[in-house]
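Colleague: Could you work out the structure for the sequence below:
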Amino acid sequence: MSTVLESPPVVSPASPLLEIEGAIATITLRRPATHNKIEPEDLPVLRGYLADLNANKAVRVIVFRSTGKSFSSGFDLGHLGKAANSTDNAFQTFTDEIENARAITIARLHGPVYGGSTDLALSCDFRIGVTGMRMFMPAARLGLHYYPHGIRRWVSRLGLGPAKKLFLTSRPIQAEEMLRIGYLDALVEPAQLDAELKTWTDDLLAQAPIPLASIKATLNEVARQEYDEASAHAAYAASLKTRDIGEALAAFAEKRAPVFTGT
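Modeller: Residues are numbered from 1 along each chain as shown. Presented below is the predicted three-dimensional model:
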């Protein structure tokens with residue numbers, strides 16, 4: 001049974017929707033008429049969802065999805081000018097919060113992804129796409145120097161060459177190249193998308209919750225060149241004291257699947 005949550009402020013029925021079913025939370029973008037463009041009023045809703053989910057340790061996987069022809073066309077470009085004199089970039093903050101979410105995040109890409117939403121998806125831990133989709137990053141064509149944390153993420157996750165090609169040419173790339181450069185972690189036929197997503201969520205939920213979250217955090221720190229030896233060692237030491245590591249060792253000896261409790 002699904003629980004539907006609406007975090008204030010709820011602007012309209014087109015606002016993003018949060019559903020929780022067991023250990024999996026799904027956030028759905030609901031503006032298909034505008035290719036799921038993200039409006040400024042959507043950002044507090046989305047950020048509120050992430051804050052709620054960070055506090056809800058029962059949730060271990062967050063899936064971003066949408067409906068319509070495209071996954072998302074990104075942030076509403078009509079509002080860029082209003083941010084010109086501001087040091088506060090709410091979309092950058094939002095994508096950073098996705099990257100730093102406690103739960104594992106997956107972007108379910110059923111169609112094309114453009115502009116800022118290419119970084120929304122890249123902020124997720126994993127991206128599953130379908131044949132026939134494409135993406136492009138038109139920042140330079142639009143006269144925009146992309147926000148700093150987004151550029152850092154693209155280089156650290158995709159490498160300098162692919163990041164330069166996508167940012168400096170604004171060329172669209174197709175699904176097969178998205179997979180080749182590491183933007184996609186899996187590429188399937190559209191009819192197989194949900195089965196592939198289930199395979200990933202099943203695998204993730206089979207892991208011990210505590211090290212899953214701490215390893216994710218350390219990997220992100222390494223990618224951002226923010227690695228801290230003391231905190232990584234503390235996470236390692238803490239994992240050795242959990243009940244789950246004892247359960248994992250017992251399950252291995254008994255040739256059965258472990259039953260983790262996150263303790």
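
Colleague: rest of the way, CA atoms for contacts and neighbours
Modeller: Noted.

Colleague: Which helix or strand in this structure has the lowest average pLDDT?
Modeller: strand 3-5 (a mean of 52; mean pLDDT, DSSP states H and E).

Colleague: what about residue 245, distance to residue 158?
Modeller: Distance, residue 245 to residue 158, using C-alpha to C-alpha, to the nearest Å: 33 Å.

Colleague: Between those two, tell me which one has more neighbours.
Modeller: residue 245 (19 against 16; other C-alpha atoms under 10 Å).

Colleague: The more buried one: what's it in contact with?
Modeller: By C-alpha atoms under 8 Å, 6 or more residues apart in numbering, the contact list for residue 245 reads residue 239.

Colleague: Quick check: phi and psi at it.
Modeller: Per-residue torsions, residue 245: phi -70, psi -40 (degrees, to the nearest 10).

Colleague: and if you look at residue 253?
Modeller: Per degrees, to the nearest 10, the backbone of residue 253 is at phi -70, psi -30.

Colleague: do the same with residue 64
Modeller: phi -100, psi 130.

Colleague: Quickly list what it is bridged to.
Modeller: residue 27, residue 107 (DSSP bridges).

Colleague: confidence score at it?
Modeller: pLDDT recorded at residue 64 is 98.

Colleague: wait, what's in contact with it?
Modeller: Per C-alpha under 8 Å, 6+ apart, neighbours of residue 64: 26-29, 105-108.

Colleague: before we move on, the earlier item: for the helix or strand following the least confident helix or strand of the chain, the averaged confidence score.
Modeller: Next helix or strand after strand 3-5 toward the C-terminus (DSSP states H and E): strand 17-21. What strand 17-21 shows for mean pLDDT is 97.

Colleague: Can you show me the CA trace of strand 17-21 as CSV?
Modeller: Extracted C-alpha coordinates of strand 17-21, given in CSV (Å, rounded to 0.1, in the frame of the first residue of the first chain):
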residue,chain,number,x,y,z
LEU,A,17,4.3,14.0,-5.8
LEU,A,18,5.9,11.9,-3.2
GLU,A,19,4.8,8.3,-2.6
ILE,A,20,6.3,5.8,-0.1
GLU,A,21,5.9,2.1,-0.4
